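J.: Next input, structure requested:
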Amino acid sequence: MTQHRLDRLKSILSESDQDALVLNPGASLYHLSGFHFHLMERPVVLFIPRSGTPALVLPALEMLKMKEMPIQVVSFPYGDNPATWVESFRKAVDFLGMKKCSVGIEPTCLRALEMNFLQSALPDASFPDASPQLSEWRICKDADEISSIRQAVKIAETALTSTLPFIHIGVTEKEIFTELSLQLIRAGSDLNMAFQPIVSGGPNSANPHAEPSGRKLVNGDLLVIDWGAVFNGYVSDLTRTFAVGDVDQEFKQIAAVTAEANTAGRAACRPGINAGEVDLAARKVIQASGYGEYFTHRTGHGIGLEGHEPPYIFGENSLVLKPGMVFTIEPGIYLPGRNGVRVEDNIVITSNGAETLSSLPRELRILG
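T.: Numbering: from 1, shown residues only. This next block holds a predicted model:
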């Protein structure tokens, strides 16, 4: 599988104007190697040329991993003295025959630390953005990847179901967050979470990316829980909204509208449609209800080895959806200073439509 992924990446690279690309610790390097290298003060950089054997610069202390590396690479280790590290980069460049060339980078992952070493070893090179190539390489998931995401969804749903009896008037957002985090581990999530669960009640729920606070739940709150699990490195990302006690009729209405928008967005998903049309299908429902200005973010984003990755589901995105693409549908309505709602599911595009991987009820559920 990993050799197939390397071959495919090289094929994509050969169709670009880049001579090579580099990866440092992150989702793309894991996707290729199956190894989690630490992102630390010691750089780890894999050079992938259009043809030939990749070269890996890494600390000597990581060399034991090379015995289990699933693809052939030539290693250029370095010791503890930072003054000697650039020499390993130069040796790798000499091995690959790279001089004045174009080397693609991943801007969301590569740091100034690695960039400084690359520029020292390749003073005449250019470093274009390789995000389009890497997105094409990773955006359509294979059967094993989809299976892992499916299991991550199952774990997340099990964890939330086990957490709900803990929720009542007077409990704090942080206490719910702690219980949910524990239940995720008990249900089988990887320890390395892709993101910290969002638990936000009342006025805090009107902030889409609120952090759990010490605020206690009170009667009349809406409670937004945005959470996910990780399985084999693959992420799920879900949101459900609950009513705490008796809530005003308007809040029940926005919850119903949001659930309807979620249904419309999921129904629009199929191969051949562009991502923007899915966003518009969900957004149209909320706009028709009069709450359009309170839906303040895109309808969804891709998930895989990262919590946010292509495809991004926003109105202007002309990207055509293809089988194997996995993403969220998560419309929301946020009334500043009052309450907010979001309903989020995970979707995979199939050969003739789309499958919703998540199954928890989407209607507003009342908690004590």
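J.: now the helices: where do they sit in the protein?
T.: Taking DSSP state H as the test, the helices found in the chain are 2-14, 27-33, 85-96, 112-121, 131-138, 143-163, 173-187, 249-268, 275-288.
J.: So which of the ones you listed is nearest Tyr334?
T.: The stretch from those with the least distance to Tyr334 (C-beta to C-beta) is helix 249-268; that distance is 9.1 Å. Every residue, glycine included, has its C-beta placed from N, CA and C.
J.: quick revisit: adding distance to Lys216, mean neighbour count and mean pLDDT as columns, could you present the helices of the chain in a markdown table?
T.: Below are the helices of the chain laid out as a markdown table (distance: least, C-beta to C-beta, whole Å; neighbours: other C-beta atoms under 10 Å; pLDDT from 0 to 100):
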| stretch | distance to Lys216 | mean neighbour count | mean pLDDT |
| --- | --- | --- | --- |
| helix 2-14 | 49 | 15 | 94 |
| helix 27-33 | 37 | 21 | 95 |
| helix 85-96 | 51 | 18 | 98 |
| helix 112-121 | 43 | 16 | 98 |
| helix 131-138 | 42 | 18 | 97 |
| helix 143-163 | 17 | 20 | 98 |
| helix 173-187 | 8 | 19 | 98 |
| helix 249-268 | 18 | 20 | 98 |
| helix 275-288 | 30 | 21 | 98 |
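J.: how about a markdown table for these, with distance to Gly337 added?
T.: Formatted as a markdown table, those follow (distance: least, C-beta to C-beta, whole Å):
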| stretch | distance to Gly337 |
| --- | --- |
| helix 2-14 | 48 |
| helix 27-33 | 37 |
| helix 85-96 | 52 |
| helix 112-121 | 40 |
| helix 131-138 | 38 |
| helix 143-163 | 27 |
| helix 173-187 | 17 |
| helix 249-268 | 13 |
| helix 275-288 | 19 |
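J.: can you give me the end-to-end distance of stretch 290-297?
T.: Criterion C-alpha to C-alpha, to the nearest Å; first-to-last residue distance in stretch 290-297 is 16 Å.
J.: Next one: Glu211 relative to Thr239, how far apart?
T.: Distance from Glu211 to Thr239, counting by C-beta to C-beta, to the nearest Å: 15 Å.
J.: Over to Gly265?
T.: Distance from Gly265 to Thr239, by C-beta to C-beta: 13 Å.
J.: Then Met40?
T.: For Met40 relative to Thr239 (C-beta to C-beta), the value is 33 Å.
J.: Tell me how this structure divides into domains.
T.: 2-138, 143-367 (automatic domain parsing).
J.: picking that back up, specify which residue of Glu211 and Thr239 has the higher count of neighbours.
T.: Using other C-beta atoms under 10 Å as the criterion, Glu211 and Thr239 rank with Thr239 on top: 25 against 13.
J.: OK, contacts around that one?
T.: 198, 224-227, 330, 332, 342-344 (C-beta atoms under 8 Å, 6 or more residues apart in numbering).
J.: cool, Arg5 as well?
T.: Contacts of Arg5 by C-beta under 8 Å, 6+ apart are 31-32, 137.
J.: What of Cys109?
T.: 23-28.
J.: Over to Ala92?
T.: 45, 47, 55-57, 74, 76, 121.
J.: The nearest residue to Ala243 once chain neighbours are set aside: neighbouring residues, count only.
T.: What sits nearest to Ala243 in space, not counting adjacent residues and going by C-beta to C-beta, 6 or more residues apart in numbering, is Ile366, at 4.7 Å. By other C-beta under 10 Å, the residues close to Ile366 number 11.
J.: Turn the contacts of Arg5 into TSV, including distance to Asn232.
T.: Converted to TSV, those look like this (distance: C-beta to C-beta, whole Å):
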residue	distance to Asn232
His31	12
Leu32	15
Trp137	19
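J.: Looking at those, which is nearest Val93?
T.: For the contacts of Arg5, the nearest to Val93 is Leu32 (19.9 Å; C-beta to C-beta).
J.: excluding its backbone neighbours, what's nearest the closest one?
T.: That would be Arg5: by C-beta to C-beta, 6+ apart, it lies 5.6 Å from Leu32.
J.: again with Pro361
T.: Leaving aside its chain neighbours, Pro361 sits nearest to Arg240 (7.9 Å; criterion: C-beta to C-beta, 6+ apart).
J.: give me every residue that touches that neighbour.
T.: 160, 224-225, 343-344, 360-362, 365.
J.: Buried members of these into PyMOL, please.
T.: For the buried members of these, the matching PyMOL selection, counting by 16 or more other C-beta atoms under 10 Å, is:
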select buried, resi 160+224+225+343+344+362
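J.: Among the contacts of Arg240, which ones are in strands?
T.: 224-225, 365 (DSSP state E).
J.: could those residues go into a markdown table alongside pLDDT and distance to Met193?
T.: Shown next, in a markdown table, are the ones in strands among the contacts of Arg240 (pLDDT from 0 to 100; distance: C-beta to C-beta, whole Å):
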| residue | pLDDT | distance to Met193 |
| --- | --- | --- |
| Val224 | 98 | 18 |
| Ile225 | 98 | 15 |
| Arg365 | 96 | 25 |
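J.: Great, nothing more from me.
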